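1. give me the fold of what follows.
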Amino acid sequence: MNFNKFNFNCSPQYIQSISDGLYKEISDSILSLPKRNAQSEINIDLFWLLCSKGWNYDTVPAGTGAVPSVFRIDLALDDIRKRNDRKQCLTSETIDAGWRSDFAKSFSGKLVQVEVQFGKVESMFKDFCGFQIAYAERRLALGIEIVMYRPMEYFAHRKNSVSGMAGFEIAQKTLSMIGLSCPIWLIGIYEE
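-> Residues are numbered from 1 along each chain as shown. Next up, the predicted model:
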């Protein structure tokens, strides 16, 4: 897979200031993704790829078994569960909304949260609100939103089931119009 990116309220230099390795961790994970037929399979792949790099997670995706052999990751689900700090995924420490990001990692005290959004556009708005809340609480350094670049093209074999799915273009246009102050790195993945 490959990706396009849009930096909202941040720059590549800002991302690098959080951690020299942050861009590489995310980009290497995306570039390692094989073509999949369903969103759930991509979610599982990203779970393994990010957790192998020390990211914490909210929930284990349904259907997750052993590491797909294509990744050559020597890691067991029990190992990931033992070291997981789910509290880092919490959107707010002051609002009792119970929202959590999909993944989170602290880089020298700078919290980065990741949302993988292969659902409807409405769910993407919730992700953006979560980033804004965590940022307003002075907890979040960066939110990363991962969407399909062009969902109808990628999932051409099942267009009816992806109608209304969040995609890169609508996410980029939305970010430019809704007045958020938090830094968001938007990533749209696509097949090469």
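
2. give me the number of residues near the nearest residue to Gln16 once chain neighbours are set aside?
-> The shortest distance from Gln16 to any non-neighbouring residue, by C-beta to C-beta, 6 or more residues apart in numbering, is to Tyr23 (6.5 Å). For glycine as for every other residue, the C-beta is placed from the backbone atoms N, C-alpha and C. If you count neighbours by other C-beta atoms under 10 Å, Tyr23 ends up with 15.

3. who are the contact partners of Tyr23?
-> 12, 15-16 (C-beta atoms under 8 Å, 6 or more residues apart in numbering).

4. mind putting the residues you listed into CSV with distance to Arg83?
-> What follows is the contacts of Tyr23, written out as CSV (distance: C-beta to C-beta, whole Å):
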residue, distance to Arg83
Pro12, 30
Ile15, 25
Gln16, 26
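
5. is it possible to mark the buried ones in these?
-> Ile15 (16 or more other C-beta atoms under 10 Å).

6. pick the one among the contacts of Tyr23 closest to Phe125.
-> Ile15 (23.0 Å; C-beta to C-beta).

7. what helices and strands are in contact with the top helix by length along the chain?
-> For the chain, the helix with the greatest residue count under DSSP state H is helix 121-136. Counting contacts by 3 or more C-beta pairs under 8 Å, 6 or more residues apart in numbering; DSSP states H and E, helix 121-136 packs against strand 110-116, strand 140-148, helix 168-175.

8. cheers, nothing more for now.
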